[in-house]
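1. Predicted structure and sequence below. I'll ask about it afterward.
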Amino acid sequence: MTTTSLRFRASGFLSIIFLLFSFSAFSQVTTEIDTTNIRIGEQISYKIKVEADSTMLVVFPEGQTFLPLEVVEALKIDTTKKASKFQLLRQYKITQFDSGSYVIPRQKVIIGDSPFFTDSLRVEVNTIEIDTTKQGLYDIKPIIEVEKNISNWWLYVLLATAVIALIAFILYWVIWRKKPLTEDEEIALLPPYERAKLAFSKLEGQRYLEQEDLKGFYSELTFIIRKFLDEKVYDRSLESTTDELVERLQLLKDGNQFALTKDTISNIKTIFKRADLVKFAKSKPDIALAELDKQTIVKELDAVKLTLPEPSEEEKLLNQQYKEAQERKEKRKKIILTTAIFLFLVVATYIGFAATYGFEYVKDKILGHSSIELLEGNWVKSAYGFPPIFIETPEVLERQKVEIPEEAKEKVDTSIFAYGSLVDDFYVLTSTTIIGELKEQDVDKQKALNITSIIEKSLKEWEVQGIQNIITKNEEFKTPNDAQGIKTFGTAEFPTSLKGEYFEGEYMYLSFTTEQVIQQIILVWRTDDPYADDIVKRIVDSVELNENVKREEESE
């Protein structure tokens, strides 16, 4: 079933009206009118007088029953007592803003259970003559630019941009920024020989000898030379004992791997042995001897350095590759850390918002949901049809084409505005139908419109269009400005755009009627839509029927 076939059918709606209309007997009711000739915008004072028994209930006309003239004001009922009866007077202020000849239709007054009708009256509405010889003429005023009402979306974009920029700056400053090297890092980058020479120069500033801390002095002294040998000569120098280290140095000399002299090996052995005695046997050599040992070790460091071969091109290449590998490893480490922090922030943000607003809402907000876009979009409050239906909707309602049968065009004027269709996730429609003046021969058949029958006919029309399992409930409804109506609501199975498939939906009719006007608001939404209830509530709470508004030209 196509979308067009599922739209509210004006022809079906009009057939309901003619099936429900009939006429009743006429009885005279006293009326007064102060004038039958006015200028555009002037008001006519129309009075209805009723004399009735004090026990009888009297109902005067309400709403826009004077169409095509408009009610500006309906004054309160004035009641006076005359013998055993009451005299009731109600005055109406009516007008018209288009020139022409108009007929005030008969008005129905209900006394007890019986309707009584007034006579129809013809009035003339004249244009206002303007004497251009006395009225000055002026140029057309220039167009004034009006600032467009801009939503606050840019504030959220600005805030999100600021947060992202702050996080990016923190990540750059903490992880990616090339930080200045600490003193220890600068020393670690020096070649082993320069590092050892720097360590010897710092040893002098430690004041071990001045404090007679020989154990600390010899421990630092032997560590410096062991560290150098470990990096350039024998890679187990730090963990070897003195005898093992001396033995290894001798083997390297004998194997012509390093051109070490006997004096160099002997001096290293002597000083290391003395250091062992100081550290483990609590020996206390003379301070001068300790100073001499330091000078000897510095000299032997230079001697060992001279025996070291120049690195080959292969070794240089391996060192360069090692350096590049270390840089890649460091970069990969930064990438992993940045990604982990980013994911943590995303997950933490999602959990924070989900804990506040709910997981489903946050998911729909991120992935998108048609109803949440309607609910949080820029709503439009406007008037549709005449008499107008004031309503606030997520989108502007578009005028629908109404095909009226030829025999009904002079009697009926219908305007329909809608958003969506019955196969969409959300559907809203407003309908206003005005019944024209009835002919004299139909007077005896006139009676009030039966809105319940109109709703039943509309639901039967839905069944014809393929809507199934319609469950209906009715209750009274009152708009915020106290317009009385009927709310019809329930559930049904609505056809989708795919043939043979249906979705569970809910619907609502808000129906209002007067002697000559039928107004309806129709809402349809999916049962499983978590945001539809909020949309429907906001729309329903905004409905107003303003009976005393000036008629303006209807816009598309």
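-> On my side now, so go ahead. Numbers count the residues shown, from 1 in each chain.

2. now for the helix or strand harbouring residue 168, which elements pack on it?
-> For residue 168, the element it lies in under DSSP states H and E is helix 153-171. In this structure, helix 153-171 packs against helix 313-357, with contacts taken as 3 or more C-beta pairs under 8 Å, 6 or more residues apart in numbering; DSSP states H and E. (Glycine included, C-beta is placed from N, CA and C.)

3. and the nearest residue to residue 30 once chain neighbours are set aside, how many residues sit next to it?
-> Sequence neighbours aside, residue 49 is the residue nearest to residue 30 in space, at 4.2 Å (criterion: C-beta to C-beta, 6 or more residues apart in numbering). If you count neighbours by other C-beta atoms under 10 Å, residue 49 ends up with 15.

4. related to what we said a few turns ago, which residues are contacting the helix holding residue 168?
-> 338, 341, 342, 345 (C-beta atoms under 8 Å, 6 or more residues apart in numbering).

5. 7 Å instead?
-> 338, 341, 345 (C-beta atoms under 7 Å, 6 or more residues apart in numbering).

6. closest to residue 110 among these?
-> residue 345 (71.0 Å; C-beta to C-beta).

7. any idea how far the closest one is from residue 167?
-> According to C-beta to C-beta, to the nearest Å, residue 345 and residue 167 sit 7 Å apart.

8. Ok, residue 402 next?
-> Residue 402 is 57 Å from residue 167, by C-beta to C-beta.

9. So for these two, which sits in the more crowded spot?
-> Neighbours were counted for residue 402 and for residue 167 using other C-beta under 10 Å; residue 402 has more, 18 against 13.

10. That one contacts residue 416, doesn't it?
-> Yes - with contact taken as C-beta atoms under 7 Å, residue 402 and residue 416 are classed as touching, separated by 5.7 Å.

11. tell me the contacts of the closest residue to residue 226 other than its chain neighbours?
-> Of all residues not flanking residue 226 in the chain, residue 237 sits nearest, at 4.8 Å (C-beta to C-beta, 6+ apart). Residue 237 makes contact with 226, 229, 230, 245, according to C-beta under 7 Å, 6+ apart.

12. so how many other residues sit close to the closest residue in space to residue 95 that isn't next to it in sequence?
-> On the basis of C-beta to C-beta, 6+ apart, the spatially nearest residue to residue 95 that is not a chain neighbour turns out to be residue 43, at 4.9 Å. Applying other C-beta under 10 Å, we find 16 residues neighbouring residue 43.

13. Repeat that for residue 499.
-> 7.

14. Can I take it that it is in a strand?
-> No - remark: residue 499 does not belong to a strand; assigned using DSSP: H, G, I helix; E, B strand; the rest coil, it is coil.

15. Look up how far residue 293 lies from it.
-> Residue 499 is 102 Å from residue 293, by C-beta to C-beta.

16. which stretches of the stretch 301-450 of the chain aren't confidently modelled?
-> Applying pLDDT under 70 to the stretch 301-450 of the chain flags the ranges 311-316, 318-319, 322, 353-354, 357-371, 406-410, 436-449.

17. one more time with 50, if that's ok
-> Along the stretch 301-450 of the chain, the parts satisfying pLDDT under 50 run over 438-448.

18. try the stretch 101-250 of the chain
-> Those would be 146, if you go by pLDDT under 50 across the stretch 101-250 of the chain.

19. ok, now with 90
-> 101-123, 125-214, 216, 218, 221, 225-226, 228-240, 242-243, 245-250 (pLDDT under 90).

20. Could you give me the buried positions within stretch 198-209?
-> Buried residues in stretch 198-209, defined by neighbour count with 16 or more other C-beta atoms under 10 Å: 199, 200, 203, 208, 209.

21. Kindly format the C-alpha coordinates of it as CSV.
-> The C-alpha coordinates for stretch 198-209 follow below in CSV (Å, rounded to 0.1, in the frame of the first residue of the first chain):
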residue,chain,number,x,y,z
LEU,A,198,83.4,12.7,33.8
ALA,A,199,82.7,10.2,36.6
PHE,A,200,86.4,10.6,37.8
SER,A,201,86.0,14.4,37.8
LYS,A,202,82.9,14.1,39.9
LEU,A,203,84.6,11.7,42.3
GLU,A,204,86.8,14.5,43.4
GLY,A,205,83.8,16.5,44.4
GLN,A,206,82.4,13.7,46.6
ARG,A,207,85.0,14.5,49.4
TYR,A,208,85.3,10.8,50.3
LEU,A,209,89.0,11.2,51.3
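
22. Just the residues contacting it, thanks.
-> By C-beta under 7 Å, 6+ apart, stretch 198-209 touches 187, 190, 216, 217, 220, 221, 224, 287, 290, 291, 298.

23. what about 6 Å?
-> 216, 217, 220, 224, 287, 290, 298 (C-beta atoms under 6 Å, 6 or more residues apart in numbering).

24. Could you work out the most separated pair of the residues you listed?
-> 224 and 287 (19.1 Å).

25. and those two? which has more neighbours close in?
-> With neighbours defined as other C-beta under 10 Å, residue 224 and residue 287 compare such that residue 224 has more, 21 against 14.

26. What are the neighbouring residues in contact with that one?
-> 196, 199.

27. secondary structure class for it?
-> Per three-state DSSP, residue 224 ends up helix.

28. For it, give its distance to residue 379.
-> In this structure, residue 224 and residue 379 are 80 Å apart, going by C-beta to C-beta.

29. same check, this time on residue 541
-> Applying C-beta to C-beta, the value for residue 541 to residue 379 is 12 Å.

30. Between these two, point out the one with more neighbours.
-> Applying other C-beta under 10 Å to residue 541 and residue 379 shows that residue 379 carries more neighbours, namely 16 against 11.

31. re earlier: helix or strand: which one has the residue nearest to residue 226?
-> Under DSSP H and E, no helix or strand contains residue 237.

32. do the same with the one 10 residues further on
-> If you go by DSSP H and E, residue 247 is part of helix 242-254.

33. just checking, next helix/strand downstream of that helix?
-> helix 262-280.

34. For that following helix, C-alpha coordinates in PDB please.
-> Extracted in PDB, the C-alpha atoms of helix 262-280 (Å, rounded to 0.1, in the frame of the first residue of the first chain):
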ATOM      1  CA  LYS A 262     101.500  -6.100  31.800                       C
ATOM      2  CA  ASP A 263     101.700  -2.900  33.900                       C
ATOM      3  CA  THR A 264      98.100  -2.000  33.100                       C
ATOM      4  CA  ILE A 265      96.800  -5.500  34.100                       C
ATOM      5  CA  SER A 266      99.100  -5.500  37.200                       C
ATOM      6  CA  ASN A 267      98.000  -2.000  38.400                       C
ATOM      7  CA  ILE A 268      94.300  -2.900  37.900                       C
ATOM      8  CA  LYS A 269      94.800  -6.100  39.900                       C
ATOM      9  CA  THR A 270      96.700  -4.300  42.700                       C
ATOM     10  CA  ILE A 271      94.100  -1.500  43.100                       C
ATOM     11  CA  PHE A 272      91.100  -3.900  42.800                       C
ATOM     12  CA  LYS A 273      92.700  -6.200  45.500                       C
ATOM     13  CA  ARG A 274      93.200  -3.200  47.800                       C
ATOM     14  CA  ALA A 275      89.600  -2.100  47.200                       C
ATOM     15  CA  ASP A 276      88.400  -5.600  48.200                       C
ATOM     16  CA  LEU A 277      90.300  -5.400  51.400                       C
ATOM     17  CA  VAL A 278      88.900  -2.000  52.200                       C
ATOM     18  CA  LYS A 279      85.300  -3.100  51.400                       C
ATOM     19  CA  PHE A 280      85.300  -6.600  53.000                       C
END
